[in-house]
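Student: take this sequence and fold it.
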Amino acid sequence: MTTHPFVTPSQLSPQRRAAVLVALLLMTFVASANASAIAPLLPTIGTTFHLSIAQTGWIFTSMFLAGGVSTVLLPRAGDVLGDKLAAAICPIGLTAGCAMIGLADAFPLLILGAVGLGLAGAASPVVMASIRRIAGEGEIGRAVAVTMAVGLAGGAVGQVLGGWAVGRFSLSSYFVVLAVIALVVSVTVFVALPTMRASERGHLGSISVLLLAVWIVAILYGISKGTEWGWTDAKTIGTTGAGLAIAALWAIRERRLETPVIDFSLFTYGRLRITVLAALALGLPTSGLALLLPMITQTSPAVAPYGLGKTALTTALIMLPYALCGAVGTSVAGKATAKGRPLTVAAIGAVAHGGAATWLAFMHGSVGQLVTGTVIYGVGAGLVTGGLYGSVQKAVEPKHAGMAAGTLSLALTFSAAIGPVVFTTLLGRQSVPKFPGVPTDAMFTQAFLVSTCFELLVLAACLTGLRQERRGDLPFRAPEESGKALTLS
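Tutor: Okay, here's the model as predicted:
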């Protein structure tokens with residue numbers, strides 16, 4: 001008698017289940033660390049390879065675009081093709097990306113390497129969906145909290161590591177070491193994860209995947225280049241408009257498919273719709289902090305009165321409390337999700353996130369003030385993001401866990417892409433006398449206050465969802481499938 005190749009979560013021993021969880025979380029940590037380390041290394045990469053500013057920007061843009069596609073496609077692939085395949089692609093892409101950058105001798109290899117790193121950007125939503133299916137419905141909150149906390153920790157380590165590596169190691173040695181680490185993670189994930197039957201029958205058609213990639217890349221690229229080309233330039237309008245047109249055709253086609261990448265029928269449930277709308281407002285202020293704080297920290301006080309003149313490493317250390325306190329926030333969000341209150345904790349997080357932006361709008365003249373802001377920002381980020389991911393998982397059945405995580409990640413990605421455009425436009429309105437291109441202190445104040453306004457939109461969306469939930473408005477969430485829950489302990 002032939003043994004069936006598939007196993008179910010209930011057939012996993014506690015030891016095997018623990019090994020699976022460790023492998024998945026290790027992948028999340030390493031992927032987040034590598035992605036966060038790129039930003040402080042970009043100037044060094046540009047200098048080492050004699051790149052123009054535009055070429056250096058292309059490295060980050062390529063990673064960003066690949067990440068935008070992968071955050072939707074890979075979690076959904078986990079739903080339809082199985083978690084093992086989807087999870088394996090992330091560290092394999094990371095391995096290839098690091099190796100290409102480490103061994104690169106030409107600009108095209110750097111771009112391919114950046115694309116590989118972008119594939120690893122889907123690690124968190126892939127892992128979140130996988131843990132939910134393995135651990136069971138009762139562990140949604142903990143799955144979200146643990147995954148996000150590990151991702152934040154990895155991001156913190158990556159930022160510090162990237163800043164510390166500048167000037168201490170050659171780029172080649174640094175990325176080759178990262179490639180070796182990623183390879184070990186790839187093997188670990190592939191060996192640890194069992195072959196389980198996909199939670200949803202069907203397949204993702206090549207046409208759907210191609211159209212998805214094209215419209216996401218076109219829209220994100222058009223947005224990212226808007227400042228450089230000009231918002232009324234034919235290239236900006238044409239690229240973004242073409243992306244929107246293809247997205248519309250793709251959406252019409254998806255509604256007719258038996259196994260769509262995004263099941264639009266689920267948006268009839270209020271929880272999913274409201275959570276995604278909140279994410280669309282949240283991404284912009286989140287990317288704003290990553291842009292604004294390093295500029296304030298590293299600007300020389302001889303150039304602008306608000307400048308602190310700190311190094312990339314010091315900047316990373318100032319940002320460190322954001323990740324550490326974010327891990328605390330995700331823990332609280334996980335417990336709230338387990339009690340059925342993810343939107344409540346997301347609303348509280350939006351208040352904290354917005355409060356931190358308001359603080360930094362007026363208090364950014366010293367290291368202590370910046371650290372205070374990042375602490376509040378971190379707690380708020382953990383609460384609001386963890387609450388939103390918990391809410392979107394509560395909105396769908398297990399078979400759509402990957403789609404839900406990917407859809408929310410895509411909403412955050414699009415909003416985050418608009419953030420730099422909004423903030424650089426604001427900062428460019430007024431420069432310090434005798435130093436063109438260096439924003440005045442008032443421009444930073446306005447930029448942080450704009451972040452606060454978007455946080456109010458997040459809060460409004462969460463409160464609307466809570467009001468619908470309290471009134472018992474139907475349909476608010478999709479019916480969940482019953483099943484035996486397994487614990488993460």
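
Student: let's see the lowest-mean-pLDDT helix or strand in the chain as CSV, backbone CA atoms only.
Tutor: Least confident helix or strand, the chain: helix 226-229 with a mean of 74, by mean pLDDT, DSSP states H and E. This file holds the C-alpha atoms of helix 226-229, laid out as CSV (Å, rounded to 0.1, in the frame of the first residue of the first chain):
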residue,chain,number,x,y,z
GLY,A,226,6.6,61.1,-10.5
THR,A,227,8.9,63.5,-8.7
GLU,A,228,11.8,62.9,-11.1
TRP,A,229,9.8,63.0,-14.3
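
Student: and the next helix or strand after it, what does it pack against?
Tutor: Once helix 226-229 ends, the next helix or strand along the chain (criterion: DSSP states H and E) is helix 234-254. Helices and strands touching helix 234-254, by 3 or more CB pairs under 8 Å, 6 or more residues apart in numbering; DSSP states H and E, are helix 206-224, helix 226-229. Just so you know, the C-beta spots here come from the backbone N, C-alpha and C atoms, and that holds for glycine as well.

Student: and the helix or strand harbouring V177, average pLDDT?
Tutor: If you go by DSSP H and E, V177 is part of helix 171-192. Here helix 171-192 scores 88 as its mean pLDDT.

Student: just checking, what packs against that helix?
Tutor: Judged by 3+ CB pairs under 8 Å, 6+ apart, the packing partners of helix 171-192 are helix 14-48, helix 83-103.

Student: so which of these is the most surrounded?
Tutor: helix 83-103 (a mean of 23; mean count of other CB atoms under 10 Å).

Student: the helix or strand just after that helix: how far from the chain's middle?
Tutor: Going down the chain from helix 83-103, the next helix or strand is helix 107-119, by DSSP H and E. Between the centre of helix 107-119 and the centre of its chain there are 18 Å (CA atoms, centre = their mean, to the nearest Å).

Student: and for stretch 325-341?
Tutor: Worked out by CA atoms, centre = their mean, stretch 325-341 lies 18 Å from the chain centre.

Student: just the buried residues of the helix or strand containing A77, please?
Tutor: Using DSSP H and E, A77 sits in helix 53-81. Residues 56-81 are the ones in helix 53-81 that count as buried (16 or more other CB atoms under 10 Å).

Student: now the closest residue to A149 other than its chain neighbours: which helix or strand?
Tutor: Nearest residue to A149, sequence neighbours excluded (CB to CB, 6 or more residues apart in numbering): A327, at 3.9 Å. Element membership of A327 [criterion: DSSP H and E] is helix 312-338.

Student: any idea how far T239 is from D233?
Tutor: According to CB to CB, to the nearest Å, D233 and T239 sit 10 Å apart.

Student: ditto for A88
Tutor: Taking CB to CB, one finds A88 at 33 Å from T239.

Student: just confirm V438 is within a strand.
Tutor: Yes. When DSSP: H, G, I helix; E, B strand; the rest coil is applied, V438 is found to be in a strand.

Student: give me the nearest residue to it, chain neighbours excluded.
Tutor: In this structure, V438 finds its nearest non-sequential neighbour in V432, 4.5 Å apart by CB to CB, 6+ apart.

Student: do the same with Q430
Tutor: For Q430, the spatially nearest residue (CB to CB, 6+ apart) is T440, at 4.8 Å.

Student: cool, and K225?
Tutor: Nearest residue to K225 in three dimensions, chain neighbours excluded: T236, at 6.5 Å (CB to CB, 6+ apart).

Student: on that earlier part again, quick check on D233 and T239: which one has the bigger neighbour count.
Tutor: Neighbours per residue, other CB atoms under 10 Å: of D233 and T239, the larger number sits with T239, 22 against 13.

Student: got the contact list for the more buried one?
Tutor: A218, Y221, G222, K225 (CB atoms under 8 Å, 6 or more residues apart in numbering).

Student: confidence score at the spatially closest residue to the third one that is not a sequence neighbour?
Tutor: It stands for G222. Nearest residue to G222 in three dimensions, chain neighbours excluded: T240, at 3.3 Å (CB to CB, 6+ apart). T240 carries a pLDDT score of 90 in this model.

Student: can you tell me how far T240 sits from V72?
Tutor: For T240, the distance to V72 - CB to CB - is 18 Å.

Student: what of K235?
Tutor: Following CB to CB, the distance that separates K235 from V72 is 25 Å.

Student: low-scoring stretches of the stretch 151-300 of the chain, by residue?
Tutor: Within the stretch 151-300 of the chain, the stretches with pLDDT under 70 are 166-167, 197-205, 227.

Student: could you rerun that using 90?
Tutor: When residues are selected by pLDDT under 90, those of the stretch 151-300 of the chain lie in 151-178, 186, 189-236, 250-273, 283-300.

Student: relative to V261, how far out is the closest residue to L410 other than its chain neighbours?
Tutor: Sequence neighbours aside, V72 is the residue nearest to L410 in space, at 4.8 Å (criterion: CB to CB, 6+ apart). Distance of V72 to V261, computed by CB to CB: 7 Å.

Student: again with M403
Tutor: Relative to V261, and taking CB to CB, M403 is found at 7 Å.

Student: identify the contacts common to the two.
Tutor: Counting by CB under 8 Å, 6+ apart, the contacts common to M403 and V261 are R76.

Student: out of those two, which sits in the busier spot?
Tutor: Neighbours were tallied for M403 and for V261 using other CB under 10 Å; the higher tally belongs to M403 (26 against 23).

Student: which helix or strand contains that one?
Tutor: helix 401-427.

Student: what helices or strands is that helix leaning on?
Tutor: Going by 3+ CB pairs under 8 Å, 6+ apart, helix 401-427 lies up against helix 53-81, helix 123-135, helix 206-224, helix 226-229, helix 270-298, helix 367-394, helix 441-471.

Student: same list, the ones you listed, but as JSON lines with distance to R168 please.
Tutor: Listed next are the helices and strands packed on helix 401-427 as JSON lines, based on distance: least, CB to CB, whole Å:
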{"stretch": "helix 53-81", "distance to R168": "20"}
{"stretch": "helix 123-135", "distance to R168": "27"}
{"stretch": "helix 206-224", "distance to R168": "31"}
{"stretch": "helix 226-229", "distance to R168": "32"}
{"stretch": "helix 270-298", "distance to R168": "18"}
{"stretch": "helix 367-394", "distance to R168": "23"}
{"stretch": "helix 441-471", "distance to R168": "31"}
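
Student: go through the ones you listed and pick out the most buried.
Tutor: Taking mean count of other CB under 10 Å, helix 123-135 is the most buried of those, at a mean of 28.

Student: neighbouring contacts of the helix holding V177?
Tutor: 19-20, 22-24, 26-27, 30, 34, 37, 41, 44-45, 48, 84, 87-88, 90-92, 94-95, 98-99, 101-103, 113, 120, 165.
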